[in-house]
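**Q** Predicted model, plus sequence, below.
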2 protein chains.
Amino acid sequence: MKKVKIEAYFKKRREIVERALSRCLPGDRSSVSRAMRYSVLSGGKRIRPILCLASCDAVGGGWRKALGPACSIELVHTYSLIHDDLPCMDDDDFRRGKPTCHRKFGEAVAVLAGDALLAHAFSLISGSRSLSDEIARKAAAELSKASGPSYLIAGQAADLAAEEKPLKSVKELEGIHMRKTAALIAASVKIGALCGGASKEDLRAIERYGWSVGLAFQVVDDLLDATGSKKKLGKAVRKDAALGKATYPALLGIEKSKQIAFSLRERAINALKGFDRKADPLRLIAEYLTTRTS
Amino acid sequence: MKKVKIEAYFKKRREIVERALSRCLPGDRSSVSRAMRYSVLSGGKRIRPILCLASCDAVGGGWRKALGPACSIELVHTYSLIHDDLPCMDDDDFRRGKPTCHRKFGEAVAVLAGDALLAHAFSLISGSRSLSDEIARKAAAELSKASGPSYLIAGQAADLAAEEKPLKSVKELEGIHMRKTAALIAASVKIGALCGGASKEDLRAIERYGWSVGLAFQVVDDLLDATGSKKKLGKAVRKDAALGKATYPALLGIEKSKQIAFSLRERAINALKGFDRKADPLRLIAEYLTTRTS
């Protein structure tokens, strides 16, 4: 697949994910339900669910099997953004070019909408009819681990702590990025592979791919914060620098950071060397994610 | 079992639950982990996990099977208290006689500790070795439904909304209490019964018991807020009245509210009429919960 193809692929998969997300959310007029829909259906890139479906394809499963879990991952991702944006956390006013959830619905509703998305994510997995009990349980285990105290939460907590006591080493920063970003991306591909019936060996390879691509994604995010525009990104930029936050560009400079992103991409693609052409979308996504401009 | 016996029973079961809770929480020194332990291990009554274990016993399962899920329910309960106490929600300074989580650790850590407890609850269920895949999946489905947008969250959202637009009818108030309190209590006994291998019929009876006992519990909570002391309850009292919040005593008076609690207790006990003496603890818990003074 060439560039034009990966974009068509993304567009098609994004449409599938959007429809599924809209279906899986409550449709009543309560403020919490409206806040959930507002934040989830606000035009995200849908990287994680698309990776989940692509990973299910790569191991020879049909992507449809992974659609419920793919949505659950996006709900967890959205919940984490809503809570990260709160005044007591990063205090952000814009996200994807629109007012953040608490700016639109108030803080109490934003906290509850985040909570509801996290709980609902596990309803989607346990209620997913395409999965056996064994796979549903394993998928729930992966998702809860990635979003729990050892990964997503530890990453966000360390990120907040770093605002007060700046990090000095790339090693520390890598630790935060791995927990805050890469863990959920690794879980996305692992869950997709589980849904597709992957062998243990394939599962391990897919997981290596996920960690590398996940870290690369965050390094590129740091780069975009340093070099991108608010218009293109839909959120405040240079915020990291303003907060004195450690980022890859701040610690290593722009060029070196780009090199790291590229070498992580190579590592991700190498992890897939035992896979046939069904893993091409995963390979191209790795490329796309490291050359993206928004 | 007489009163002295139910108290000894509670003490013993509480010890079992306390030890299991301590074991299941992360033990590192990060602020989020410390906040999780602080809030969970602060001497709650452990009603929900004890009900879960008693329900497992009542259907003829050994309570040990239900210990992981019982802890997961208490984590969900604690997460909901931490978030409800936040300044943007009920803005409470004390809980169980100690500063609330955000008063002790700051708002950001309190939000994250709540989030981490919710995610970790699902790790406990999916990782519980005593459960088959089928039961683990059903238990996760029950817990996520009870803690998700249709129940716990909807109840809390309606509760907040009622501060601005006072409720007029008991029916509305009952709806809030059912979703905010009774749903998680019903889930506790249902999950216990699932872990114990209950038949469909027993499961339905246990669920009826749970909803009645859950609503009774909240009516008594309203009564204690109206008549109890801060010293005994470990939290602010008369808060409902100060906020102009609808409660059973405010809408119906103290005597009528007591009658309702008693008749709910009868309904709960009647639901168990097909059960043998193994359900005695559930019967006595229903009695205990409606005559408690703290």
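**A** Perfect, thanks for sending it.
**Q** Pull the contacting residues for A:Arg14.
**A** Contact analysis of A:Arg14 by CB atoms under 8 Å, 6 or more residues apart in numbering or on different chains lists A:Lys45, A:Arg46, A:Ile50. Bear in mind the C-beta positions are built from the backbone N, C-alpha and C, glycine included.
**Q** tell me the secondary structure for it?
**A** helix (DSSP: H, G, I helix; E, B strand; the rest coil).
**Q** Make JSON lines out of the contacts of A:Arg14 and add secondary structure.
**A** Formatted as JSON lines, the contacts of A:Arg14 follow (three-state DSSP):
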{"residue": "A:Lys45", "secondary structure": "coil"}
{"residue": "A:Arg46", "secondary structure": "coil"}
{"residue": "A:Ile50", "secondary structure": "helix"}
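**Q** all helices for the stretch 101-250 of chain A, in order.
**A** Assigned by DSSP state H, counting those that start in this stretch, the helices in the stretch 101-250 of chain A fall at A:101-105, A:107-126, A:133-147, A:152-164, A:170-177, A:183-195, A:200-227, A:230-233, A:239-242, A:248-252.
**Q** May I see these arranged in a markdown table, with mean pLDDT and distance to chain B as well?
**A** Below are those laid out as a markdown table (pLDDT from 0 to 100; distance: least, CB to the nearest CB, whole Å):
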| stretch | mean pLDDT | distance to chain B |
| --- | --- | --- |
| helix A:101-105 | 98 | 8 |
| helix A:107-126 | 98 | 4 |
| helix A:133-147 | 98 | 4 |
| helix A:152-164 | 90 | 4 |
| helix A:170-177 | 94 | 12 |
| helix A:183-195 | 98 | 11 |
| helix A:200-227 | 96 | 17 |
| helix A:230-233 | 68 | 24 |
| helix A:239-242 | 70 | 16 |
| helix A:248-252 | 93 | 22 |
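**Q** For A:Ala261, find the nearest of those.
**A** Ranking those by proximity to A:Ala261 (CB to CB) places helix A:200-227 first, at 4.5 Å.
**Q** okay but A:Ser55 is in contact with A:Glu207, surely?
**A** No: if you go by CB atoms under 8 Å, A:Ser55 and A:Glu207 don't touch, sitting 9.8 Å apart.
**Q** quick one, which of the two is more surrounded?
**A** A:Ser55 (33 against 19; other CB atoms under 10 Å in any protein chain shown).
**Q** Kindly provide the distance from that one to chain B.
**A** For A:Ser55, the distance to chain B equals 20 Å [CB to the nearest CB, to the nearest Å].
**Q** show me the contacts for A:Ile176.
**A** A:Ile176 touches A:Gly155, A:Ala158, A:Asp159, A:Ala162, A:Leu167, counting by CB under 8 Å, 6+ apart.
**Q** For it, which non-adjacent residue is spatially closest?
**A** Counting by CB to CB, 6 or more residues apart in numbering or on different chains, A:Ile176 lies nearest to A:Ala158, which is 4.8 Å off, once chain neighbours are set aside.
**Q** A:Ala157 too?
**A** B:Val32 (4.6 Å).
**Q** what kind of secondary structure is that neighbour in?
**A** When the rule is three-state DSSP, B:Val32 gets the label helix.
**Q** With A:Gly44 instead?
**A** Quick answer, by three-state DSSP: A:Gly44 is coil.
**Q** that older thread, what sits against the residue nearest to A:Ile176?
**A** So A:Ala158 contacts A:Gly175, A:Ile176, A:Arg179, A:Lys180, B:Ser30 (CB under 8 Å, 6+ apart).
**Q** Equivalent analysis for A:Gly244, please.
**A** Per CB under 8 Å, 6+ apart, neighbours of A:Gly244: A:Glu163, A:Pro166.
**Q** where's it relative to chain B, distance?
**A** A:Gly244 is 17 Å from chain B, by CB to the nearest CB.
**Q** got the phi/psi numbers for that residue?
**A** Here is the backbone geometry of A:Gly244 (degrees, to the nearest 10): phi 70, psi 20.
**Q** Let me know the distance separating it from A:Leu224.
**A** In this view, A:Gly244 and A:Leu224 are 19 Å apart by CB to CB, to the nearest Å.
**Q** Over to A:Glu107?
**A** Taking CB to CB, one finds A:Glu107 at 28 Å from A:Leu224.
**Q** next one: A:Leu25
**A** A:Leu25 is 28 Å from A:Leu224, by CB to CB.
**Q** One more: A:Ile82?
**A** Counting by CB to CB, the gap from A:Ile82 to A:Leu224 is 21 Å.
**Q** and what of A:Asp276?
**A** Separation of A:Asp276 from A:Leu224 (CB to CB): 33 Å.
**Q** follow-up on the earlier one: ok, A:Ile82 and A:Leu224, which is more surrounded?
**A** Taking other CB under 10 Å, A:Ile82 and A:Leu224 do not tie; A:Ile82 has more neighbours (29 against 18).
**Q** Name the nearest residue to the more buried one, sequence neighbours excluded.
**A** Once flanking residues are discounted, A:Ile82 sits nearest to A:Gly114: 4.1 Å by CB to CB, 6+ apart.
**Q** and what of A:Ala161?
**A** Using CB to CB, 6+ apart, the closest residue to A:Ala161 is B:Ser31 (7.5 Å).
**Q** and that neighbour, how many neighbours?
**A** By the measure other CB under 10 Å, the count of residues near B:Ser31 is 18.
**Q** can you check A:Arg29 too?
**A** Counted with other CB under 10 Å, the neighbours of A:Arg29 add up to 7.
**Q** And the one 4 residues further on, by the same measure?
**A** The number of residues packed near A:Ser33 is 20, by other CB under 10 Å.
**Q** Please, which helix or strand holds the residue lying closest to it once chain neighbours are set aside?
**A** Counting by CB to CB, 6+ apart, A:Pro26 is the residue found nearest to A:Ser33 once chain neighbours are left out, at 4.3 Å. A:Pro26 belongs to no helix or strand when elements are defined using DSSP states H and E.
**Q** Run a quick check on A:Pro26 versus B:Ala157, I expect a contact.
**A** No: using CB under 8 Å as the test, A:Pro26 is too far from B:Ala157 to be in contact (11.5 Å).
**Q** Settle it for me: which of the two has more neighbours?
**A** More crowded of A:Pro26 and B:Ala157, by other CB under 10 Å: B:Ala157, with 24 against 18.
**Q** Is it correct that the more buried one is in contact with A:Leu112?
**A** Yes: applying CB under 8 Å, one finds B:Ala157 in contact with A:Leu112, separated by 5.6 Å.
**Q** quick one: the residue nearest the centre of chain A from A:Tyr248, how far?
**A** Nearest to the geometric centre of chain A sits A:Arg48, at 4.6 Å (CA atoms, centre = their mean). Distance, A:Arg48 to A:Tyr248, by CB to CB: 21 Å.
**Q** same thing with A:Thr293?
**A** As judged by CB to CB, A:Thr293 and A:Tyr248 stand 17 Å apart.
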